[in-house]
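# based on what follows, work out the 3D shape:
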Amino acid sequence: MKTYATLTAVLSLYLILLIGCATSIPLHGLTSGTPVAFSSTGRGRGDSAWLARYDDVVQATLRAGEALSLKLDQKEFGSDQSSFKFVDEKGNNLKIVVKRLTATLTYARLNVGLFGSTSAARLMARQIVFEMIEAGTFLRKWHLEELD
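Numbers count the residues shown, from 1 in each chain. Below is the predicted model of the structure:
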């Protein structure tokens, strides 16, 4: 009986660790040359910092959702923070929170949850970057030659 309880506890711990590792959003390398820093925080979430104005990131997020044919299910706009819940045709959620940190620094968190599509989150992040580039709203253009 004691062995069964120990085995159950070990397998449960293993499963929890596996889920935590398997669902992180790998956002590295999304934005070579753009002033954005991404970090996967695990459990279906990723954080980012943008060298861009808050309003520009909010507008790029809305355009990116539209470009990917995502339904905007919920939205809350504020002067320093906005949140969005996008839904695909299968009912999968992608939540995004955008916060003003300074006049030129903006924070964003993408969250697909434990079982959501991390590849969809990556694509959304790339699309937001694309929208920012197309609109010319990054406050600085970084090229690899400049970073040496």
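# backbone phi and psi for the most centrally placed residue in the chain, please?
The chain has Leu110 as the residue nearest its centroid, 2.7 Å off, counting by CA atoms, centre = their mean. The phi/psi pair for Leu110 (degrees, to the nearest 10) reads phi -100, psi 140.
# my read: it touches Met124, true?
Yes: in this structure, Leu110 is within contact of Met124 by CB atoms under 8 Å, at 6.5 Å. C-beta: built from backbone N, CA, C; applies to glycine.
# between the two, what contacts are shared?
Residues touching both Leu110 and Met124 (CB atoms under 8 Å, 6 or more residues apart in numbering): Leu94, Ile96.
# check for me that Ala60 belongs to a helix.
Yes: judged by DSSP: H, G, I helix; E, B strand; the rest coil, Ala60 forms part of a helix.
# leaving out sequence neighbours, find the closest residue to it.
Distances taken as CB to CB, 6 or more residues apart in numbering place Glu131 nearest to Ala60, at 3.9 Å, with adjacent residues excluded.
# and for Ala67?
Gln127 (5.6 Å).
# now the one you found: which helix or strand?
For Gln127, the host element (DSSP states H and E) is helix 118-135.
# so how far is Ser79 from the residue nearest to Ala67?
25 Å (CB to CB, to the nearest Å).
# those two: who's more crowded?
Taking neighbours as other CB atoms under 10 Å, Gln127 and Ser79 compare with Gln127 leading, 19 against 8.
# any idea of the pLDDT on that one?
Reported pLDDT at Gln127 in the predicted model: 94.
# neighbours around Thr102, how many?
Thr102 has 9 nearby residues by other CB under 10 Å.
# against Glu134, how distant is it?
In terms of CB to CB, Thr102 sits 24 Å off from Glu134.
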